[in-house]
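Trainee: Below: sequence and its predicted model.
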Amino acid sequence: MNTAEARRTFREVRTASVGSVSADGSPHVVPLWFVWLEDAIYLTCRHGSAVRRNLAGDPRVAVSIDRGVAWTEQAGCLVRGMAQILGRDDSGTRRALSAWFEKYQAELSGFGFAAYTEQVAEPVVVRVRPEQVLTWVHAYRTPR
């Protein structure tokens, strides 16, 4: 599966597991909300989060996305790349947040957008341009 197919297959998944490198060199993996636009995966986190601190110190990141329940439905994608923390005035930030709010509006309306903005006054947007995309799909059969 190429990058465009992976984006189409996994863009509606609700969370991605994001791996970053802690200051002591250990892996740090957390689920984050994301949007996968044509040029990159855009992740959101809190300003004071460990993942933001980690990416500021070491931009290497791995993003794992999976879907499906039954074995024959299960598929996954691992994206590796360099993270770039975007400023709030960056055009990529505005575009990503617009897509992000559209994707998560049901979740946000469920407990109120106001409650979200109280907890996350200014979300941090991180852009990851895929350098490597690895996929697996259990439904695919390999020839014998």
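Mentor: Cool, got the structure. Residues are numbered from 1 along each chain as shown.
Trainee: can we go C-alpha only for contacts and neighbour counts from here?
Mentor: Fine.
Trainee: need the next SSE after the least confident helix or strand in the chain by mean pLDDT, C-terminal direction.
Mentor: Sorting the helices and strands of the chain by mean pLDDT, DSSP states H and E puts helix 113-119 at the bottom, at a mean of 58. With elements assigned by DSSP states H and E, the helix or strand that comes after helix 113-119 is strand 124-137.
Trainee: From the contact counts, what lies against that next one?
Mentor: Applying 3 or more Cα pairs under 8 Å, 6 or more residues apart in numbering; DSSP states H and E, we find strand 124-137 packed against strand 41-45, strand 75-86, helix 91-111.
Trainee: Run through who's touching it.
Mentor: 1-3, 6, 39-47, 52, 61, 72-88, 93, 96-97 (Cα atoms under 8 Å, 6 or more residues apart in numbering).
Trainee: Could you rerun that using 7 Å?
Mentor: Strand 124-137 has contacts (Cα atoms under 7 Å, 6 or more residues apart in numbering) with 1, 3, 39-47, 74-86, 93.
Trainee: That's all I had, so thanks and see you.
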